[in-house]
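Enquirer: Pasted the sequence and its predicted model underneath.
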Amino acid sequence: MSPANADRIIIALDVQTKEEAIALVGRLPDARTFKVGLELFTAEGPALFRPLKVLRKDIFLDLKLHDIPNTVSGAVRSALKHGVQMMTLHASGGRDMMARAAEAARAAAGEASGPKPLLLGVTVLTSLKGSDLGEIGQGEDVAAQVLRLAGLVKAAGLDGVVCSPREIEALRREFGRELVIVTPGIRPVWAAAQDQKRIMTPAEAVAAGADYLVIGRPITGAPSPNEAFLRIVEELDQSRP
């Protein structure tokens, strides 16, 4: 079942301190899920999670884990002790790394008698173009690389992928609804593209088959973040057939 449109939107907490993050969350009472990325986590660590839980918010931990299988599975177990609902690891870390992470998530959920969080394999960063892939020794066909890595994600037992909106339709053709699709690079028509190269509007991404949309500055940088959030929800509601 697809999430409601308000629940599709994941707010990126791209700030530097816990105080800034909690203040921003307080300005978004209608949003449910917030992304804690590398910058904020490096600054504040797991201490940030408790106040988010007190505010009854879901946590998308976006650290893009990429290490040997034993280290990544241990990191997954540690993260799940803090009650995160979603987290990412790099699909390019390989099938064994992802499979061990999936096993760790299942085991941790069983021990806690709670729901298993979504584990998502990051395919190709939205900041990269085909020429960038060529520079690091990969093929320059971005869509082909995304599909290749998504196949590994599925084989390893992860729940879904993170990809550019431009690859959503190809993934749906190849895998149907077998993978959850989370897409950054989302910009409403009234927002600037900024540093992401493969972008799409929220309505376009959902129509293509995205389950969740990661949105940062168009919401968090608005004079009223909650109004910007609700504006996007309204656009999604109006775009439904």
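Expert: That came in fine, so what should we check first?
Enquirer: Next one: the nearest residue to residue 117 once chain neighbours are set aside from residue 133, what distance?
Expert: Distance criterion CB to CB, 6 or more residues apart in numbering; nearest residue to residue 117, sequence neighbours excluded, is residue 85 at 5.3 Å. Every residue, glycine included, has its C-beta placed from N, CA and C. Distance, residue 85 to residue 133, by CB to CB, to the nearest Å: 31 Å.
Enquirer: before we move on, what about residue 99?
Expert: 25 Å.
Enquirer: looking at this structure, which helix or strand does the model trust least?
Expert: The helix or strand of the chain with the poorest confidence is helix 130-135; it has a mean of 83 (mean pLDDT, DSSP states H and E).
Enquirer: helices or strands up against that one?
Expert: Contacts defined by 3 or more CB pairs under 8 Å, 6 or more residues apart in numbering; DSSP states H and E place helix 130-135 against helix 142-156.
Enquirer: And the next helix or strand past the helix it packs on?
Expert: strand 160-162 (DSSP states H and E).
Enquirer: who touches that next one?
Expert: 88, 91, 118-123, 146, 149-150, 153, 171, 179-184, 211 (CB atoms under 8 Å, 6 or more residues apart in numbering).
Enquirer: and that strand, what's its mean pLDDT?
Expert: Over the span of strand 160-162, the pLDDT mean works out to 96.
Enquirer: after that strand comes which helix or strand?
Expert: Assigned by DSSP H and E, the successor of strand 160-162 is helix 168-175.
Enquirer: can you pull out the helices in this protein?
Expert: 5-8, 18-26, 38-44, 49-54, 69-80, 95-112, 130-135, 142-156, 168-175, 202-208, 217-220, 225-239 (DSSP state H).
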